[in-house]
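Engineer: take this sequence and fold it.
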Amino acid sequence: MIAREDLLKNKPLIIAGPCSVTSREQIFSIAEEVQKSGAHAVRAQLWKPRSRPDSFQGVGESGIPWLKELKEKLNIPIVMEIVAAAHLPLIAEVADVLWVGARNMQNFELLKEIAKYNKPVILKRGLISTVKEWLGAAKYIGEEKVILCERGIRTGADSMRFTLDLNSALVAKHDHKMPVIIDPS
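Structural biologist: Okay, the predicted model is just below:
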């Protein structure tokens with residue numbers, strides 16, 4: 001299980017998995033490798049927010065039975081991103097940890113819906129969000145359930161997708177006593 005308290009004690013947390021689940025075979029193969037590697041949880045995205053409408057958006061609801069079977073057979077915690085409030089009841093059936101992506105960090109209506117579930121929530125920092133805005137979003141969910149995730153900020157450089165902002169991660173962790181993880185992808 002992923003314990004928020006462990007992160008506050010500086011214990012590492014490794015979550016690994018595909019950008020998007022594409023088939024039962026794919027997620028089982030990857031989850032088995034994730035488990036063998038000693039990682040703590042598998043990431044399993046059924047719905048993917050994409051910048052382009054012609055990009056693969058995920059397998060959606062059809063992947064829920066695969067994840068139920070995966071959980072039963074491998075007993076590995078599953079982390080899933082919430083893209084829309086309508087998906088929450090389905091995702092809550094299989095996910096041990098809910099994940100709010102950077103694009104939805106300030107989708108306050110979605111955050112209010114997520115707050116209704118008694119599950120840990122990973123909250124990724126928005127692409128141009130301040131630490132104050134990030135912490136404000138955590139309050140919508142309930143800070144006691146939130147694990148902050150720094151994934152980098154957008155800069156003017158075309159050579160990099162995002163620039164990791166370790167200073168903000170440290171401010172959130174040390175000044176505000178919030179658990180923080182880093183997304184190196």
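
Engineer: what element comes up after the worst-scoring helix or strand of the chain on mean pLDDT heading to the C-terminus?
Structural biologist: Comparing every helix and strand of the chain by mean pLDDT, DSSP states H and E singles out helix 4-8 as the least confident one, with a mean of 68. Following the chain from helix 4-8 toward its C-terminal end, the next helix or strand by DSSP states H and E is strand 15-16.

Engineer: now find how far off-centre that next one is within its chain.
Structural biologist: Remark: strand 15-16 is offset 10 Å from the chain centroid, using CA atoms, centre = their mean, to the nearest Å.

Engineer: same for that strand, what does it pack against?
Structural biologist: Contact analysis of strand 15-16 by 3 or more CB pairs under 8 Å, 6 or more residues apart in numbering; DSSP states H and E lists helix 24-37, strand 41-43 as its packing neighbours. C-betas here are computed from N, CA, C, even on glycine.

Engineer: how much space between Ala85 and Leu164?
Structural biologist: If you measure Ala85 against Leu164 using CB to CB, to the nearest Å, the figure is 30 Å.

Engineer: make that Ala102, sorry
Structural biologist: Distance of Ala102 to Leu164, computed by CB to CB: 13 Å.

Engineer: do the same with Lys71
Structural biologist: Taking CB to CB as the measure, Lys71 falls 32 Å from Leu164.

Engineer: who has more neighbours, the two?
Structural biologist: Lys71 (19 against 15; other CB atoms under 10 Å).

Engineer: so that one touches Ile78, yeah?
Structural biologist: Yes. With contact taken as CB atoms under 8 Å, Lys71 and Ile78 are classed as touching, separated by 6.1 Å.

Engineer: so what sits against both of the two?
Structural biologist: Residues touching both Lys71 and Ile78 (CB atoms under 8 Å, 6 or more residues apart in numbering) are Val94.

Engineer: so, low pLDDT: which residues of the protein?
Structural biologist: Low-confidence regions of the chain, defined here as pLDDT under 70, cover residues 1, 3-4, 7-8, 159-160.

Engineer: those helices in it, which residues are they?
Structural biologist: Remark: helices of the chain, listed N- to C-terminal, are 4-8, 24-37, 64-74, 88-94, 108-114, 131-141, 166-170; assignment by DSSP state H.

Engineer: which secondary structure elements does the fourth one sit against?
Structural biologist: Meaning helix 88-94. Other helices and strands packing on helix 88-94, by 3+ CB pairs under 8 Å, 6+ apart, are helix 64-74, strand 78-81.

Engineer: TSV for the ones you listed, including distance to Ile27?
Structural biologist: Below are the helices and strands packed on helix 88-94 laid out as TSV (distance: least, CB to CB, whole Å):
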stretch	distance to Ile27
helix 64-74	6
strand 78-81	10
